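1. Show me the folded form of this:
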Amino acid sequence: MKEMAKTNETQTKEMPTSKRNAGKWGGLVLLSLALAATGCSSNKSENGSGASASAPSQTESAAPSSASASASAEDEVKPEAGAKLVVWEAKEQQAYMKELATAFEKEYGVPVTIEEMAGGDQGGRLATDGPSGLAADVLTLPHDQIGQAVKAGLLLPNDLFEEETRASAVEAAVNASTYDGVLYGYPKSVETYALFYNKDLVPSPPQTWDDIVKFASTFNDPKQNKFAVMWEFVGYYSYPFIGSFGGYFFGDNNTNPKDIGLNNEGAVKGFKFLQSLKPILPLKAGDVTYDVKTQLFQEGKLAMNIDGPWSVGAFKDKVNLGIAPLPKTPDGQPSISFSGVKSYYVNSYTKYPLAARLFANFASSKDNQLKNYQMTGAIPASREAGEAPEIKNDPIVSGFYEQFTHSVPMPSISEINAIWEPLKAAFITLWDHPDQDAKTTLDQTVKTIQADLASK
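-> Numbering: from 1, shown residues only. Alright, predicted model coming up:
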């Protein structure tokens, strides 16, 4: 909800103003996921049985079967003797995860090593490193990646703690962590991105893109690296220029890969509007990276930054931070962002399936989700955590919630992986060459995607 965004894009690390009444919005953050439940629950699979077909035998580790384990309580599960775990997490989660690892070792006697890996990279690395025994035991995936991982037999079902997870997490988060009726994930956070703004530079957030254009005319100074706004030119963060104008990834609520809407009339209109914004950000698309815009925003040289809750921790002590919905379209319509659910998953090739399950469940508990929120700004997926005062009364969270109401879940079908790179190339091409015809470029992009899908 950087990863979120969260996807095969490596930059997914996978949301009126943030001054609105926090009591009104903050307490509704998690309830809002119910609005997206239908989009999150459309998962289908060719291999709902999970990892058993291709993963190594778990008999030596005495992993319980799904049938007998579903009613197990946490205090009845013990880690394997001599267990030690490796967990992958993104850069912005490192400080929190190290504290979590220390707490887990204190309680269970299992040492945990936290290795840094961008959220968008973890699924790909699991596919290559899992079978060879080099992957982490526990990792974090955005919900759109689990279909491919399940089909490849890379994930163990959440069988030991299924009942507990279903009772504690919001329904849409559970649905998003489920594939072909089998729960695999341990939901940790929900997310979308929004407009971060420096209140010292922008006292009131802009309502429209026209407002940003006007502000940029007085604020921008490229020679001094001063810019009004930045976002990454990838399908996740740039989706508002597609979905807000009538374009889409897949038809039938992102479940039909035979219907690709990236070159329809609405998508072309959105890309043309994107090209018209080049004067307010006169840089090559490849020069606008997460690290660049993060540093400039921290230094007060970037007034507004489109980012997600995973980055709040990088700014809350360095910037007079406000969070607002994305600017409205020229037609006055809300900008549509992608939203997602991040969950912990257990590698089917782990040598310690019991300890790994314990860690995933421990990490996704209400208390630890609240701690993650306090340290990084991640919005909890736990129902009970969502009712905590610190969530209800947080104006930052309320800003993300307002954008969340104007979001759609990322597609969860595995065909999504055929879209990211061709779409990123289209964004870069059309931004770097604003005179290039959008329709021609997008037609070719769709042909590339269709050819990739046909080859599988």
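2. host element of Met227?
-> Small correction: residue 227 is Phe, not Met. In this structure, Phe227 sits in strand 227-230 according to DSSP states H and E.
3. helix, strand or coil for the closest residue to Lys269 other than its chain neighbours?
-> Once flanking residues are discounted, Lys269 sits nearest to Phe245: 4.8 Å by Cβ to Cβ, 6 or more residues apart in numbering. Backbone N, C-alpha and C define where each C-beta goes, glycine included. At Phe245 the chain is in coil, as set by DSSP: H, G, I helix; E, B strand; the rest coil.
4. where do the helices sit along the stretch 101-250 of the chain?
-> 119-129, 146-151, 162-168, 171-176, 209-219, 240-243 (DSSP state H, counting those that start in this stretch).
5. neighbouring contacts of the last one?
-> Contacts made with helix 240-243 from outside it, assessed by Cβ atoms under 8 Å, 6 or more residues apart in numbering, are listed as 235, 248-249, 262, 266-267, 270-271, 273-274, 326, 335-338, 408.
6. and these, which two are the farthest apart?
-> Leu262 and Leu326 (19.6 Å; Cβ to Cβ).
7. now Thr448: how far from Val292?
-> Taking Cβ to Cβ, to the nearest Å as the measure, Thr448 falls 28 Å from Val292.
8. same thing with Lys188?
-> Counting by Cβ to Cβ, the gap from Lys188 to Val292 is 28 Å.
9. Tell me which of the helices of the stretch 101-250 of the chain lies nearest to Phe359.
-> Phe359 sits nearest to helix 162-168 of all the helices of the stretch 101-250 of the chain, at 13.9 Å, using Cβ to Cβ.
10. residues contacting Pro282?
-> 220, 222 are the contacts of Pro282 under Cβ under 8 Å, 6+ apart.
11. And it, what's its pLDDT?
-> According to the prediction, Pro282 has pLDDT 96.
12. Secondary structure of it: a strand, I assume?
-> No - using three-state DSSP, the secondary structure at Pro282 is coil, not a strand.
13. so Gly266 touches Phe245, yeah?
-> Yes - at 4.4 Å, Gly266 counts as touching Phe245 under the criterion of Cβ atoms under 8 Å.
14. And the two? Which one has more around it.
-> Phe245 (24 against 17; other Cβ atoms under 10 Å).
15. isn't Ala149 right up against Ser343?
-> No - between Ala149 and Ser343 there is no contact under Cβ under 8 Å: 11.4 Å.
16. list residues touching both of these two?
-> Leu141.
17. can you list the weak-confidence ranges in the stretch 51-200 of the chain?
-> Confidence mapping of the stretch 51-200 of the chain against pLDDT under 70 gives the ranges 51-75.
18. what's in contact with the strand or helix carrying Tyr96?
-> Tyr96 belongs to helix 94-108 when assigned by DSSP H and E. Here helix 94-108 makes contact (Cβ under 8 Å, 6+ apart) with 79, 87, 89, 110-114, 116, 355, 358-359, 362-363, 368, 371-372, 375-376.
19. Using CSV, write down the CA coordinates of that helix.
-> C-alpha atoms of helix 94-108 as CSV (Å, rounded to 0.1, in the frame of the first residue of the first chain):
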residue,chain,number,x,y,z
GLN,A,94,15.1,-1.9,8.3
ALA,A,95,15.1,-0.1,11.6
TYR,A,96,11.7,-1.5,12.5
MET,A,97,12.5,-5.0,11.4
LYS,A,98,15.7,-5.2,13.4
GLU,A,99,13.8,-4.3,16.5
LEU,A,100,11.2,-6.9,15.6
ALA,A,101,13.9,-9.6,15.0
THR,A,102,15.3,-8.9,18.5
ALA,A,103,11.9,-9.2,20.1
PHE,A,104,11.2,-12.5,18.2
GLU,A,105,14.6,-14.0,19.3
LYS,A,106,13.9,-13.0,22.9
GLU,A,107,10.5,-14.7,22.9
TYR,A,108,11.3,-17.8,20.8
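20. which stretches of the stretch 251-400 of the chain form strands?
-> Assigned by DSSP state E, counting those that start in this stretch, the stretch 251-400 of the chain shows strands spanning 256-260, 302-307, 321-324, 337-347, 379-380.
21. Would you mark the buried spots in the helix holding Tyr96?
-> Of the residues in helix 94-108, 96-97, 100-101, 103-104, 108 count as buried by neighbour count, 16 or more other Cβ atoms under 10 Å.
22. From those residues, pick the one nearest Trp209.
-> Among these, Tyr96 lies closest to Trp209 (Cβ to Cβ), at 34.5 Å.
23. measure the closest one to Lys223 for me?
-> 38 Å.
24. before we move on, what about Glu387?
-> Using Cβ to Cβ, Glu387 is found at 50 Å from Lys223.
25. do the same with Asn253
-> Distance, Asn253 to Lys223, using Cβ to Cβ: 46 Å.
26. the more surrounded of these two?
-> Comparing Asn253 with Lys223 by other Cβ under 10 Å, the one with more neighbours is Asn253, at 13 against 6.
27. per-residue confidence for the more buried one?
-> 78.
28. mind checking how far it is from Thr405?
-> Counting by Cβ to Cβ - Asn253 and Thr405 are separated by 17 Å.
29. now Thr440
-> Noted for Thr440: a distance of 35 Å to Thr405, by Cβ to Cβ.
30. ok, Gly82 - contacts?
-> No contacts exist for Gly82 under Cβ under 8 Å, 6+ apart.
31. follow-up on the earlier one: looking at it, the residue nearest to Lys269 is touching Asn264, isn't it?
-> No - contact criterion Cβ under 8 Å: Phe245 and Asn264 do not qualify, at 9.4 Å.
32. Keeping just the C-alphas, turn the host helix or strand of Leu423 into PDB.
-> Assessed by DSSP H and E, Leu423 sits inside helix 420-432. In PDB, the C-alpha atoms belonging to helix 420-432 read as follows (Å, rounded to 0.1, in the frame of the first residue of the first chain):
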ATOM      1  CA  TRP A 420       5.200  -3.400 -16.100                       C
ATOM      2  CA  GLU A 421       8.300  -3.100 -18.300                       C
ATOM      3  CA  PRO A 422       6.500  -2.200 -21.600                       C
ATOM      4  CA  LEU A 423       4.400   0.300 -19.800                       C
ATOM      5  CA  LYS A 424       7.500   1.800 -18.100                       C
ATOM      6  CA  ALA A 425       9.100   2.100 -21.500                       C
ATOM      7  CA  ALA A 426       6.100   3.900 -22.800                       C
ATOM      8  CA  PHE A 427       6.000   6.400 -19.900                       C
ATOM      9  CA  ILE A 428       9.700   7.100 -20.400                       C
ATOM     10  CA  THR A 429       9.400   7.500 -24.200                       C
ATOM     11  CA  LEU A 430       6.400   9.800 -24.100                       C
ATOM     12  CA  TRP A 431       7.800  11.900 -21.300                       C
ATOM     13  CA  ASP A 432      11.300  12.300 -22.700                       C
END
